[in-house]
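J.: Fold the following and give me the result.
(one chain, ligands or ions: 1)
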Amino acid sequence: MRNLVNILDFSTEEIDELVRLASDIMEHPESYSDRCKGKIMGALFFEPSTRTRLSFTSAMMSLGGQVLGFDQAGSSSVSKGETVSDTVRMVSAYSDIIAMRHPKEGAPVVASRVATVPVINAGDGGHFHPTQTLTDLLTIYKKKGRFDNLVIGVCGDLKYGRTVHSLIAAMSRYDNVSFVLISPEELMLPDYVKDDHLFTGGCEYVETENLEFAIPSLDILYMTRIQAERFESKEEYERLKDSYELTASKLAMAKEDLSIMHPLPRVTEINVDVDDDPRADYFDQAMYGRYIRMALILKLLDTKGVDDRRLDGVERAGVACQNPHCISRTERGIKKLFDEYGKCVYCDQYIE
Ligand code: NCD
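T.: Next up, the predicted model:
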């Protein structure tokens with residue numbers, strides 16, 4: 001059984017396979033319309049979602065399958081104090097595959113350890129969002145025709161933006177990809193993402209606060225929302241929320257074949273006057289989400305007999321993860337595990 005917890009759970013060859021399968025599904029949807037007949041997806045959304053939840057639902061229904069689940073933690077037994085492990089154990093008995101979104105970082109790692117069906121991470125706190133990245137990769141493939149030789153600008157909330165973390169992890173594996181990281185100082189990319197992906201991948205990057213300065217060099221501009229719900233301080237959010245606004249006039253100096261992407265929802269970071277620009281790819285991007293998720297469901301349902309679940313790591317006497325959003329701080333009955341470098345196996349943050 002395979003899971004998708006981190007985008008790096010898939011090799012670049014497997015990503016190519018998924019992109020090819022999604023493209024074929026887009027061209028011949030009727031050939032896939034009963035491939036999941038009799039199968040059920042458990043959609044456990046402990047956090048709000050529009051595109052991710054609905055595109056998973058649409059994907060499963062387009063394959064002839066059915067979906068059960070909830071779209072807010074308040075309507076499940078979590079509100080009675082049930083753990084992630086117990087909830088997922090139960091839903092494993094009622095479904096053939098699980099897609100889960102949870103506010104705690106590392107919750108899908110916990111889920112995948114106890115589930116008896118494949119678990120898909122549909123976003124865990126400010127950590128990772130691998131299925132958005134699959135959507136982004138299909139978009140890059142459709143718009144650019146390649147994953148290498150790209151200058152990618154990511155702009156906005158790089159600290160809490162889980163889509164950015166997974167996108168950087170995925171793209172840092174390709175040749176000659178460099179990043180321009182555009183954010184206010186307070187929302188810079190976390191060190192664990194830099195250490196694990198940019199340094200390891202040998203990727204060049206620059207950090208800047210200035211969007212206008214960055215635009216002319218970019219092949220892709222990936223805008224993101226300032227993640228209001230992750231801020232400790234409301235005042236800080238209010239101060240930073242309008243840091244960026246992409247407007248049609250700011251695109252005057254951009255490349256003609258720039259691709260403007262955004263995982264959505266947008267607030268004010270892309271003015272609606274950009275929507276008519278042929279380089280605005282974010283609505284196509286959302287549409288691709290349905291097809292890549294169909295490909296993903298087919299792939300994971302076809303991996304019986306394999307077990308990719310790893311939870312290497314050791315306990316360190318008296319040491320707990322410092323990340324206040326890590327699942328290991330709240331989930332009862334799990335061990336607090338770290339790898340040999342002191343990285344938490346759930347949320348990937350390093351202990352001091
Ligand atoms: C993103 C998310 O949930 O992280 N949305 C999505 O899944 N398309 C981005 C966001 O909420 O800003």
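J.: going forward, measure contacts between C-alpha atoms and count neighbours the same way
T.: Fine.
J.: all helices in the stretch 201-350 of the chain, in order from the N-terminus.
T.: Applying DSSP state H, counting those that start in this stretch to the stretch 201-350 of the chain gives helices spanning 211-214, 234-240, 282-301.
J.: any idea which of these is most buried?
T.: Compared across the helices of the stretch 201-350 of the chain, helix 282-301 shows the largest average neighbour count, a mean of 21 (mean count of other CA atoms under 10 Å).
J.: can you list contacts of it?
T.: 1-3, 18-19, 21-23, 25-26, 35-36, 51-52, 55-56, 58-60, 62-63, 96-97, 118, 131-132, 134-136, 138-139, 260-264 (CA atoms under 8 Å, 6 or more residues apart in numbering).
J.: is the ligand contacted by that helix?
T.: No: under the criterion of CA under 6 Å from any ligand atom, helix 282-301 makes no contact with the ligand; the nearest approach is 7.5 Å.
J.: wait, what's in contact with T135?
T.: Going by CA under 8 Å, 6+ apart, T135 touches Q285, A286, Y288, G289, I292, R293.
J.: how does it look with 7 Å?
T.: Going by CA atoms under 7 Å, 6 or more residues apart in numbering, T135 touches Q285, Y288, G289, I292.
J.: Return only those of the contacts of helix 282-301 found close to the ligand.
T.: R51, T52, P263, L264.
J.: Over to the last one: give its phi and psi.
T.: Spelled out, that is L264. Backbone torsions of L264, given as degrees, to the nearest 10, read phi 60, psi 150.
J.: E236 versus that one, what's the distance?
T.: Going from L264 to E236 by CA to CA, to the nearest Å gives 22 Å.
J.: swap in F179?
T.: Relative to E236, and taking CA to CA, F179 is found at 26 Å.
J.: do the same with K304
T.: Separation of K304 from E236 (CA to CA): 47 Å.
J.: Then A286?
T.: Distance from A286 to E236, counting by CA to CA: 30 Å.
J.: looking at it, T163 is touching F128, isn't it?
T.: Yes: if you go by CA atoms under 7 Å, T163 and F128 touch, sitting 6.3 Å apart.
J.: Are any of the contacts of helix 282-301 buried, and if so which?
T.: 1-3, 18-19, 21-23, 25-26, 35-36, 51-52, 55-56, 58-60, 62-63, 96-97, 118, 131-132, 134-136, 138-139, 260-263 (16 or more other CA atoms under 10 Å).
J.: for stretch 300-320, which positions count as buried?
T.: Buried residues in stretch 300-320, counted by 16+ other CA under 10 Å: L300, L301, G313, A320.
J.: now stretch 321-333
T.: So, applying 16+ other CA under 10 Å, buried residues of stretch 321-333: C321, N323, H325, C326, I327, S328, E331.
J.: Skipping adjacent residues, who's closest to the residue most central in space within the chain in space?
T.: By CA atoms, centre = their mean, the chain has its centre lying nearest to H129, at 1.5 Å. Among residues not flanking H129 along the chain, G123 sits closest, at 4.3 Å (CA to CA, 6 or more residues apart in numbering).
J.: now for the strand or helix carrying that neighbour, which elements pack on it?
T.: Per DSSP states H and E, G123 falls inside strand 119-124. On a contact count with 3 or more CA pairs under 7 Å, 6 or more residues apart in numbering; DSSP states H and E, strand 119-124 meets strand 97-102, helix 107-114.
J.: Surely the residue nearest to the centre of the chain touches A122?
T.: Yes: contact criterion CA under 7 Å: H129 and A122 qualify, at 5.9 Å.
J.: what's the burial count for E185?
T.: E185 has 12 neighbouring residues, counting by other CA atoms under 10 Å.
J.: tell me the contacts of it?
T.: By CA under 7 Å, 6+ apart, E185 has no neighbours at all.
J.: Point out the residues in the stretch 151-300 of the chain that sit beside the ligand.
T.: R162, T163, R225, P263, L264, P265.
J.: Mind putting those residues into a markdown table with pLDDT?
T.: What follows is these, written out as a markdown table (pLDDT from 0 to 100):
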| residue | pLDDT |
| --- | --- |
| R162 | 98 |
| T163 | 98 |
| R225 | 98 |
| P263 | 98 |
| L264 | 98 |
| P265 | 97 |
